[in-house]
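Asks: Need a 3D model of the following:
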Amino acid sequence: MLKFLAIAIISAIFVHRIQAKGNFSPVLLGLLAIFLAMGIDEIARLHERIGKYSDVLLPAGSRANTPFHETRIWVFLVGIPFIFFFGWWIYRLRKTLMGYRYEIKQLVLGVFFLLLGALGVELLANMFYDEFTQIIVITFEEGLEMLGATIIFWAVLMMWKKKHPEHS
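Replies: Residues are numbered from 1 along each chain as shown. Next up is the predicted model:
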């Protein structure tokens, strides 16, 4: 997804500017790395591949006759650990970027919508079997992911454009 690549590029410019001011922290690299990894995942469909290979963990090695007939169990193997990792990272980032509180809140809001679509709605897709409902659910899921990515994009752009962050 090009939006994640744009987020990663703007993040790299922002991190470079912070580093040039002498305020660098390794936690800032997460801003670039997380969204670059998300973009790579969207292109290479890595979480879907993990889901496919994780079918061996299900009864009889198949998602047939399980509650995960549509999405597999990647949500538990990738999604849930990502939530914990992101929570830890955002806590560290907030401490590092004290003058960017509003932007960090927007970043969290964007990731919330992104994960609501990617994890929440995708799990909900397992409750429906007919094709028409699946199309509606997938449209809603992708819409939430795009909304989240857009909010993240604007949050990172606002961080980059802010010349004098407020320190409290």
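Asks: what's near enough to touch the most centrally placed residue in the chain?
Replies: Geometric centre of the chain, nearest residue: Val111, 5.3 Å, by C-alpha atoms, centre = their mean. Counting by C-beta atoms under 8 Å, 6 or more residues apart in numbering, Val111 touches 86, 90, 148, 152. No exception for glycine: its C-beta is placed from N, CA and C like everyone else's.
Asks: Residue for residue, what is the longest helix the chain has?
Replies: As assigned by DSSP state H, the longest helix anywhere in the chain is helix 131-161.
Asks: Mind giving me the packing neighbours of it?
Replies: Counting contacts by 3 or more C-beta pairs under 8 Å, 6 or more residues apart in numbering; DSSP states H and E, helix 131-161 is packed against helix 2-20, helix 29-44, helix 101-115.
Asks: That helix vs helix 2-20, what angle?
Replies: Relative orientation of helix 131-161 versus helix 2-20 (axes from the mean of the first three to the mean of the last three C-alpha atoms, to 10 degrees): 20 degrees.
Asks: Tell me the buried residues in stretch 78-85?
Replies: 78-79, 82 (16 or more other C-beta atoms under 10 Å).
Asks: Report back the residue of this protein that's furthest from centre.
Replies: Ala60 (31.4 Å).
Asks: closest to Met159 among the contacts of Val111?
Replies: For those, the residue nearest Met159 by C-beta to C-beta is Ile152; the value is 10.7 Å.
Asks: Now do the contacts for the closest one.
Replies: Applying C-beta under 8 Å, 6+ apart to Ile152 gives the contacts 7, 35, 106-107, 110-111, 114.
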